[in-house]
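Asks: predicted model and sequence below, questions to follow.
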Amino acid sequence: MSVLGILVGPGVVRANCVEGLTAFARRAGCGVVNTWGAKGVFRWDDPLHFGTAGLQAWDFDLAGLGEVDVLVTSGLDPDEVTSQPWEGRAEVVDVAPEALGAFRGTLPPGSTERPMLYTALAAVVGPMYAQPDSPPARAAGLAATLPAAGVVVARPGLVGFWIARTFPTERPGSVRITSAGEATVADEDWADLDLNPEALVAVAGPIVAWGGISPDSVDR
């Protein structure tokens, strides 16, 4: 039986088409994998949120995208698609963000069973949220105090990686990793934390976003 996958990027957020994506995913009965630039297209705890990909080398494999027969994509940024395990296997159907809500193409069945990208990483970081001196706990604290229209901005580096991986996003556009401008999350504010990503690297491979980040990165 054919298998459906859905992968979306920041173009869906920039085009203000999250509602269309939601309608499409619910109609297809399929969870959605988002790249890190599209964090928040589904709340972190929505059953259709399948995880954030493109940060580590094995993300797209763990998301099950090497096993799909049809992959619907929308709004991708090539810089965030760090591997393509579906290449040579899946039929790729790229849908413009503006067309998602009305898309009625013939597709195979989807699944709402979360992939290892979500479950395996959650098994590692889940307990960390209860540890006050951990990066996930700090990220959760930021989320809890973020104003309704607030945006957390961090630079590429280990701080940016932990934000992108563990910030419990409730709405799209509330997290940005950028190389320019003021950082809401200043590196020195996280200087007291152990930012070693070894536990996550063991699950999802080396950090490959932003050209790759060494665990002992000087700029964190």
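Replies: Noted; the coordinates are in hand. Residues are numbered from 1 along each chain as shown.

Asks: show me the chain divided up by domain.
Replies: Split into domains by automatic domain parsing, the chain comes to 4-115, 120-211.

Asks: quote the end-to-end distance of the last one.
Replies: Just to be clear, that refers to domain 120-211. From its first residue to its last, domain 120-211 covers 24 Å (C-alpha to C-alpha, to the nearest Å).

Asks: still on that earlier bit, would you mind finding the most buried of the domains of the chain?
Replies: Neighbour counts (mean count of other C-beta atoms under 10 Å) averaged over each of the domains of the chain peak at domain 4-115, with a mean of 20. Bear in mind the C-beta positions are built from the backbone N, C-alpha and C, glycine included.

Asks: end to end on that domain, go ahead and measure it.
Replies: 13 Å.

Asks: picking that back up, in terms of mean pLDDT, which of the domains of the chain ranks lowest?
Replies: In terms of mean pLDDT, the lowest-scoring of the domains of the chain is domain 120-211 (a mean of 91).

Asks: how far away from the center of its chain is that domain?
Replies: Chain-centre distance of domain 120-211: 12 Å, with C-alpha atoms, centre = their mean, to the nearest Å.

Asks: go on, stretch 81-96?
Replies: Using C-alpha atoms, centre = their mean, the offset of stretch 81-96 from its chain centre is 16 Å.

Asks: contact partners of that stretch?
Replies: Identification of contacts with stretch 81-96 by C-beta atoms under 8 Å, 6 or more residues apart in numbering yields 5, 9, 24, 35, 54-55, 57, 59-61, 65-74, 76, 103, 105, 107, 208-209.

Asks: now Glu67: closest residue in space that isn't a chain neighbour?
Replies: Val3 (6.3 Å; C-beta to C-beta, 6 or more residues apart in numbering).

Asks: next, count neighbours for the one you found.
Replies: Neighbourhood size, Val3 [other C-beta atoms under 10 Å]: 17.

Asks: is it in contact with Pro115, as I believe?
Replies: No: using C-beta atoms under 8 Å, Val3 makes no contact with Pro115, being 11.3 Å away.

Asks: next up, the contacts around the residue positioned nearest the centre of the chain.
Replies: Nearest to the mean C-alpha position of the chain, counting by C-alpha atoms, centre = their mean, stands Thr52 at 1.9 Å. By C-beta under 8 Å, 6+ apart, the residues touching Thr52 are 33-36, 39, 59, 117, 164-165.

Asks: nearest to Asp187, of these?
Replies: Ala164 (14.6 Å; C-beta to C-beta).

Asks: what's the span of stretch 123-133, first residue to last?
Replies: 18 Å.

Asks: rewinding a little: taking the contacts of Thr52 one by one, which sit in strands?
Replies: Of those, the ones assigned to strands by DSSP state E are 33-35.

Asks: wait, isn't Ile177 in contact with Gly160?
Replies: Yes: if you go by C-beta under 8 Å, Ile177 and Gly160 touch, sitting 4.5 Å apart.

Asks: which residues are common contacts for the two?
Replies: 154, 210.
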